[in-house]
Structures are given as C-alpha cells and as structure tokens.
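Engineer: with the input below, show me the fold.
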Amino acid sequence: MAARVTPRWSRILLKLSGEAFAGSEGHGIDGEIVARLAQAVIDLKERFDVDVAVVVGGGNIWRGMTGAGAGMDRAQADYMGMLATVINALALQETLERLGQPTRVQSAIHMSQVAEPYIRRRAIRHLEKGRVVIFAGGTGNPFFTTDTTAALRAVEIDAGAILMGKNGTDGVYTDDPRTNPDAELLTEVSYIEVLNRGLKVMDSTAITLCMDNRIPIVVFDILGDGLIPRLLAGEAIGTTVS
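Structural biologist: Below you'll find the predicted structure:
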C-alpha cells in the first residue's frame, strides 16, 4: 500500500445535506448515491493522512420549517428533523462499514441502541484512531440548523475546514443559475460578503461561528468525480469562504 499523502488540512468536517442522499428523486435515500458518498470518503482516507468527520442533514426525509409552515409547533418539527438526520447517519455508517471503513455515529439526541451520545473528547479519540465519525441529531436543540451543527462541531474538534458537499451545485453564485443564466460563480468570497449579500452558503449563525473561529468553508458538488481528493491536494474547487 502506497504511503498516504499529507493533505491541505489534517482534519476536515464534511457537511452532507439531506438532499445529497436523495439523488434525483429529491426525497428518501438512494442506495447508489450513499455508496458513492461512502466510496469518496474511503478513497480520501486511503490516499491522505486525514481525519474525517461528517455532519448529515435530514431534508430528504423531513424539514422542520416545512412542518412549522403547516402549523406544527416549530420545536416539535425540529426534533422530528433531528431524528431524520439519524436515519441518514445510520445509512452512511452501514455503507462505510460494509466497505471496510471503521465508523462511529454520535448523536446529540440520546439513543444508545443505535448511536453513541455526542462526547467531544471521545469523538476526537475516534478520529485519532482513524475512524470516521458521523455526527447526527443536529445540536440536540430546536431552532438550529445542521449548518450550525457543522460549524459548531468543526470548532469543537479543531477541524481545518468545512467541506460543504452539495448535490448538483458546484459553488456559490451571485444569483440562482437555474433561473438566471447571467449568474456568476464566485470562486472566493468573504464571510462578511456572504452575510451582507445574503448568499446561500450557510445560515447566518453558522457563518458567524466560522468567521469568529476562522474556519474556511468550501462549497462544491459532492457528486463530482474526484473533487474531494483534489480539494485536499490543494486545488481550487468550487467556492471558498474565508
């Protein structure tokens, strides 16, 4: 086995939206897509000497804001969304383990039969032992998105960067490229610009947390072939927020 390469960041947090699990259907879990996501993580671990943590969303199963919009209590709807993230985390864990990658799921909501409770020092220890740690259950609190979870966990584990894996979106644009053909891809943008211009990267709480702790965010197409290794090798891919 060839020696692993020293990466651009020695520890990363990969943020996977719920939509990334759904594929073209837009909802549910696409097994082939999950296998591609898992293989990308394994290829990364085999090639680079890097610690990998993952935060998963749950929008392919349930969105708290959608439930709240239909008259449901917002806190209750958000707790349902947290449970959806656990389903996605377990799907990714099963696929990674089946492909030979040791993995742990840590949930902010206690459910000891299927996941460890989130304990910062234990998570870091898992990473040091070469395991992929998947953070589920959001922050464990309503009214916070999984974007904020990604920013918070990245700070807690001292990650070098957050890689925002999008499904079918290769970066941040000045406008929606699906409706505006003149929308331009921004290769680099500052945290303040994201906040002032309302660019769709992360919610404002997450952006502010990353800005305060100087954690760069890279937005890219998670299903683009070989993009994560190219990012770790130092190539400019997608949009970097710093």
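Engineer: max-length helix in the chain?
Structural biologist: helix 74-98 (DSSP state H).
Engineer: packing partners for the following helix or strand past that helix?
Structural biologist: Reading on from helix 74-98 to the C-terminus, the next helix or strand found by DSSP states H and E is strand 103-107. When contacts are defined as 3 or more CB pairs under 8 Å, 6 or more residues apart in numbering; DSSP states H and E, strand 103-107 packs onto helix 74-98, strand 116-117, helix 120-128, strand 132-136. The C-beta positions use only the backbone N, C-alpha and C, and glycine is treated the same way.
Engineer: could you say which of the ones you listed is packed most deeply?
Structural biologist: Ranked by mean neighbour count under mean count of other CB atoms under 10 Å, those are led by strand 132-136, which reaches a mean of 28.
Engineer: what packs against the helix or strand containing Val219?
Structural biologist: Val219 is located in strand 217-221, with elements delineated by DSSP H and E. Contact partners of strand 217-221 among helices and strands, from 3+ CB pairs under 8 Å, 6+ apart: strand 161-166, helix 227-232, strand 239-241.
Engineer: and those: which comes nearest Val189?
Structural biologist: Val189 sits nearest to strand 239-241 of all the helices and strands packed on strand 217-221, at 5.5 Å, using CB to CB.
Engineer: quick revisit: would you mind giving the helices and strands packed on strand 103-107 as JSON lines with distance to Thr146 and mean pLDDT added?
Structural biologist: Formatted as JSON lines, the helices and strands packed on strand 103-107 follow (distance: least, CB to CB, whole Å; pLDDT from 0 to 100):
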{"stretch": "helix 74-98", "distance to Thr146": "6", "mean pLDDT": "95"}
{"stretch": "strand 116-117", "distance to Thr146": "18", "mean pLDDT": "97"}
{"stretch": "helix 120-128", "distance to Thr146": "16", "mean pLDDT": "98"}
{"stretch": "strand 132-136", "distance to Thr146": "9", "mean pLDDT": "98"}
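Engineer: closest to Ala38 out of those?
Structural biologist: helix 74-98 (4.1 Å).
Engineer: return the distance of the closest one from the chain's centre.
Structural biologist: Distance of helix 74-98 from its chain centroid, counting by CA atoms, centre = their mean, to the nearest Å, is 13 Å.
Engineer: now the angle between strand 132-136 and it, please.
Structural biologist: 160 degrees (axes from the mean of the first three to the mean of the last three CA atoms, to 10 degrees).
Engineer: before we move on, back to that, now render the helices and strands packed on strand 103-107 as JSON lines, adding distance to Val218.
Structural biologist: What follows is the helices and strands packed on strand 103-107, written out as JSON lines (distance: least, CB to CB, whole Å):
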{"stretch": "helix 74-98", "distance to Val218": "20"}
{"stretch": "strand 116-117", "distance to Val218": "28"}
{"stretch": "helix 120-128", "distance to Val218": "19"}
{"stretch": "strand 132-136", "distance to Val218": "18"}
